[in-house]
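In: Next come a sequence and a model predicted from it.
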Amino acid sequence: MTSIRIALIAALVCTCATRAFGQEMEKVTVTLESGVFGTRLPFDVPILVEGAIATTVEVVSASYALLPNEPEALLDCEDTSLVWRRGGTWRRQQGSMATTFQLTLPRLQANRYYCINFSYGPPYRNPQPRELAAFRAVALTAIDLAMRPVTNPERFDLGMATRLRLALIDAIERASGGAAVDVPSTSIFSREMDPARARDAFIDGFLQPLLSLQENRANQIQTFRNFLAAARKEAGSIPRVDYDRLIAAAGAGAAASSADREARAALTSLRDFAFGGTALPGLEEDVRDAVDATWDPTAIDSRIQRLSRTESSLALLDTWLAGLTPAQLKSADPGGGQTRDALRKSLANTQGLLGVMRSALATIVGVLSQRTAALAKAVDDLTLRLLMDVRILASTVGNFSTRHSWYISADLGLAYAPVIDEIFPYLGTNIYFRPVNKAAPLSSLGGFGQTFTRRASAMIGITFGNSDITEANRRAPLFNSQYLLLGGGFRMTDAIRLASGILVMKASDPNPLVTDRQNIEATWFISFSFDWDVRGTFTKAFGFNEPAEQPEK
Amino acid sequence: MAFLHVSRCEGNPAKVDIEAADPQARTTEIVCQATPVGAVADVTYTVRPGGALIESPTPGTAIRLTVDGNGHVKQNVRLAPTPDTSKIFATIDATFTEVPAAGGFVPPPQTCTAIIRIR
C-alpha cells in the first residue's frame, strides 16, 4: 500500500513540475481623465497598464517614482525631490484608430506608494503637431550650438542655462505663431521658473549625457595634441644628418627598387615631420585647429584613414631598415649600423604614439555619433514636457482582504509519517512572513537566497479522506475524523512545496487495561504539497470532473 | 608597440551624496575604458576645485593600476563630506601615466574625466 502511494506522489510531482508558470504581466486599467487606477497596483510582476484614449492621441508615455516609506510622509507627487524613472511608451501605429493604449511598468515593491506620471498628446498644451515638428528642428540646433563651447560642466552656468531656456521658449512660441505656451510655472518652458531649478532640470533631464560626451571629446583632443607633440619630439631625436644619409642610401645607385623608393619617401616625410613639417599623411593640415573645429565625424574618419596609411608607410620603412645590408649601411655612414638601430627604435615609439592618436580620433568619432543621438534624445524628452501630464498617486498596498491573500495560501498534499509508516492526504494553510505574489515566478526574482523569504512559510493543516492512520485502541483523530498537522514548508518551485512538521493525534494508553484515557501525542512527517491553484492539473491528470470556471467579469 | 590609450571614464554610481555621513554614499567607482589589456599605469585622481574634495585615495598619490581583461581600469573614489553643495557636479579627472617596461619609452600622460552628479 505504501509503495503504491509513493508512486502516486511521484506521478503528481512529475505532472505538476512540468506545468511551469510562465512570466506574466498583470493588467491594470487607468482612466487618464479622472486620474485613477481601477485597482491597486500589483507587485513583483511587470505591469501592463491599459487605458482609453481619443483617436487623436499619438503618444502616451509613463514614468514612476517611489514615495518615501515613512509613516509621516505626505505622499506628494509634486515633491521635487522624487526620483523619476521611465516606464513604457505607447505610440500609435500609422493609420491605427485604436481607442486604448497599453504600456508597461516594471516590477514594483510590495506595500509601497508610487506616483505614476502619464504624458500624452496631442492635444499638447498649446502647440499642434506641425508646430511641434518645427520646434524640434529649432531646438536641436539651439541646444547643439549652445553646448558646443561647453568643454566642461562648470561652464554650463546659470546664465547659459537661462539663455538656452529662453531660446527654447522663444522657439516654441514662434512655432505656435507667437502664442504663449500654456505650462505651469515649474516647467522649463515657463519664463517664471526659478533659474537654479531650471539649470538642475536641464542637466538632470537632458544635458548630463551631452556634458559627459563633450568632456570626453575635449580629453581626446588633448591626448591627440600631446601625442602629436611627443611623436614629433621622438622623430626629432634622430639627427637630421642621419636622416639625410639614410635617404641618400635609399636612393643610391641605378638599381633602386620600389621598396627603396618608398623608404626614401617615408624617410623624407618623417624627417620633415620631425623638424616642423606636417608632411605625414593624416597630419598635413594644421591638426590642432582642424580637430577642434570639426563636429563632423566623417571628416575625422578620413583623417584616421590617412593616419593608418602613415603607420603602414612607417612599418614598411622599418622592414626596409631591417633588411639593409652591411655594404649599404657602410655606404650610408661609417657608423650606419648604430644609426639604423637608433632610427628603428625611434620609429617603433613613433608608431606607438601615432597608434594612440588614431585611437583618440576613433574615440572622438564615436563620441560625436553618441552626441548626435544624445541631442535627439534630449529634444525628444523636451518635447514630452509639452505633452499633457497626469500624475496619479497609486499604491501596491492592499486592503485587509487582499493583504491576507498575500500572506496566506492553501495547498493540497501527501504526507508520510515514518514512525507509523503511513501516507495520508491533507489540506494545508501556509502562512508567509512577507507579502508573496504567486503570479511572480520565483525564478524571475533572483537566486535561492534572494527568494528565501518568498519560499519559507509556517504550515497548519488537517488530514482528509479515509485515513488509514486510525487504529483501534492505538490512534484516533484529534477532531471528528481529522488529524492536525503543524510545521513549516518551503516552496521548491512555484507550485510544489516540501514541508515537515508534526502530526497531532489522540493516542490510547499502551496499557490494555486502561481503555478510558487518551493522550495527545505527535509524530513527525514529511510531505509534498501542491498549491491549491493547480488543483485543475490533478483533476485533469486523473480524470476527475471539475466544475467549469466562470469567466472573469 | 601599443601604448596605453584611455578612451572614457565614468562613475558608478553617477550620483553621490556628499552631504551624507555614510562613506558608502560618498563613494563612486571610477571605471575607465582603456587599451591594451595588461597595460600598467600610475593613476592619480583629482577633483576640480569647488563643491567637493577627494578623501580617498589620498589626493596627489598615484596608484598603480592595470587594464583588466575587460579593458577596464577601476578604482573607488570617496569624496569628503561637505555641506557646501553649491556645485552640482564633481568633475573627477583620472590622469594616467603609463609604466613602461624597464628602460622603455614613456608616452605623455592622458587625462580622462568622469562627471559625477552631487547632491
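Out: That came in fine, so what should we check first?

In: what's the helix or strand for the nearest residue to A:L412 once chain neighbours are set aside?
Out: Among residues not flanking A:L412 along the chain, A:F530 sits closest, at 5.5 Å (CB to CB, 6 or more residues apart in numbering or on different chains). Just so you know, the C-beta spots here come from the backbone N, C-alpha and C atoms, and that holds for glycine as well. Assigned by DSSP states H and E, A:F530 falls within strand A:518-531.

In: Would you mind confirming that the residue nearest to A:L412 is in contact with A:D494?
Out: No - if you go by CB atoms under 8 Å, A:F530 and A:D494 don't touch, sitting 10.5 Å apart.

In: Please identify the residues of chain B in proximity to chain A?
Out: Selection of chain B residues close to chain A by CB under 8 Å from any CB of the partner chain yields B:1-8, B:10, B:14, B:35, B:48, B:50, B:87-89, B:91, B:105, B:107-113, B:115, B:117.

In: Can you say which of the residues you listed are buried?
Out: Buried members of those, scored by 16 or more other CB atoms under 10 Å in any protein chain shown, are B:3-8, B:10, B:35, B:48, B:87-89, B:91, B:105, B:107-113, B:115, B:117.

In: Would you map the strands across chain B?
Out: Assigned by DSSP state E, the strands in chain B fall at B:5-12, B:15-16, B:27-35, B:40-47, B:54-56, B:63-66, B:72-79, B:89-98, B:110-118.

In: which residues are contacting the third one?
Out: Counting contacts by CB atoms under 8 Å, 6 or more residues apart in numbering or on different chains, the residues outside strand B:27-35 that touch it are A:359, B:2, B:4-14, B:16, B:41, B:45, B:67, B:71-79, B:92, B:94, B:96, B:112, B:114, B:116.

In: Tell me which other helices or strands the strand holding A:F530 touches.
Out: helix A:2-17, strand A:408-417, strand A:422-432, strand A:484-491, strand A:496-508 (3 or more CB pairs under 8 Å, 6 or more residues apart in numbering or on different chains; DSSP states H and E).

In: Closest residue of the stretch 151-300 of chain A to chain B?
Out: A:N226 (4.1 Å; CB to the nearest CB).

In: Am I right that that residue falls within a helix?
Out: Yes - under DSSP: H, G, I helix; E, B strand; the rest coil, A:N226 sits within a helix.

In: Just confirm it contacts B:F96, I think it does.
Out: No - using CB under 8 Å, A:N226 is not in contact with B:F96, being 11.7 Å away.

In: ok, now how distant is the residue of the stretch 151-300 of chain A closest to chain B from A:G352?
Out: Between A:N226 and A:G352 the distance is 14 Å, computed by CB to CB, to the nearest Å.

In: likewise A:S63?
Out: The value you get for A:S63 to A:G352, if CB to CB is used, is 48 Å.

In: and if you look at A:A249?
Out: 25 Å.

In: what do you get for A:R475?
Out: On the measure of CB to CB, A:R475 and A:G352 end up 87 Å apart.

In: for B:T58, same thing?
Out: 31 Å.

In: can you check A:S96 too?
Out: 58 Å.

In: the more surrounded of these two?
Out: Regarding A:S96 and A:G352, a neighbour count based on other CB atoms under 10 Å in any protein chain shown identifies A:G352 as having more, with 21 against 10.

In: what residues are up against the nearest residue to the more buried one once chain neighbours are set aside?
Out: Sequence neighbours aside, B:M1 is the residue nearest to A:G352 in space, at 3.8 Å (criterion: CB to CB, 6+ apart). The contact partners of B:M1, by CB under 8 Å, 6+ apart, come to A:A348, A:N349, A:Q351, A:G352, A:G355, B:F105.

In: what's the most distant pair in those residues?
Out: Largest separation among the contacts of B:M1 by CB to CB: A:G355 and B:F105, giving 12.7 Å.

In: Was I right to think A:R191 contacts A:I169?
Out: Yes - under the contact definition of CB under 8 Å, A:R191 touches A:I169, with a separation of 6.2 Å.

In: so what's the residue nearest the centre of chain B scoring on pLDDT?
Out: Centroid-nearest residue in chain B, with CA atoms, centre = their mean: B:A94, separated by 4.0 Å. pLDDT recorded at B:A94 is 95.

In: Please determine how far it is located from A:Y407.
Out: For B:A94, the distance to A:Y407 - CB to CB - is 50 Å.

In: what do you get for A:L132?
Out: For A:L132, the distance to A:Y407 - CB to CB - is 49 Å.

In: Comparing these two, which shows the higher neighbour count?
Out: Between A:L132 and A:Y407, A:L132 has the larger neighbour count (other CB under 10 Å), namely 20 against 14.

In: before we move on, the earlier item: what count of nearby residues applies to the residue nearest to A:L412?
Out: A:F530: 22 neighbours (other CB under 10 Å).

In: Can you give me the pLDDT of it?
Out: pLDDT, read off for A:F530, is 85.

In: so it bridges to which residues?
Out: A:L412, A:I496 (DSSP bridges).

In: And it, how close does it get to chain B?
Out: 43 Å (CB to the nearest CB, to the nearest Å).

In: what is in contact with A:N226 and B:F96 at once?
Out: B:P109, B:Q110.

In: Just want to know which of those two has more residues nearby.
Out: Using other CB under 10 Å as the criterion, A:N226 and B:F96 rank with B:F96 on top: 28 against 19.

In: ok, for that one, nearest residue in space, not its chain neighbours?
Out: Nearest to B:F96 is B:A41, by CB to CB, 6+ apart, at 4.3 Å.

In: tell me the contacts of the one you found?
Out: Contacts of B:A41 (CB under 8 Å, 6+ apart): B:L4, B:A34, B:R64, B:L65, B:T66, B:V67, B:V73, B:F96, B:T97, B:E98, B:V99.

In: OK, contacts around the first one?
Out: Which is B:L4. Shown in contact with B:L4 (CB under 8 Å, 6+ apart): A:V356, B:A34, B:T35, B:P36, B:A39, B:A41, B:V67, B:F96, B:E98, B:P107, B:Q110.

In: and if we set it to 7 Å?
Out: B:L4 makes contact with B:A34, B:A39, B:A41, B:F96, B:E98, according to CB atoms under 7 Å, 6 or more residues apart in numbering or on different chains.

In: Got phi/psi on it?
Out: When read as degrees, to the nearest 10, the backbone of B:L4 gives phi -60, psi 140.

In: now it: how far from B:P36?
Out: 7 Å.
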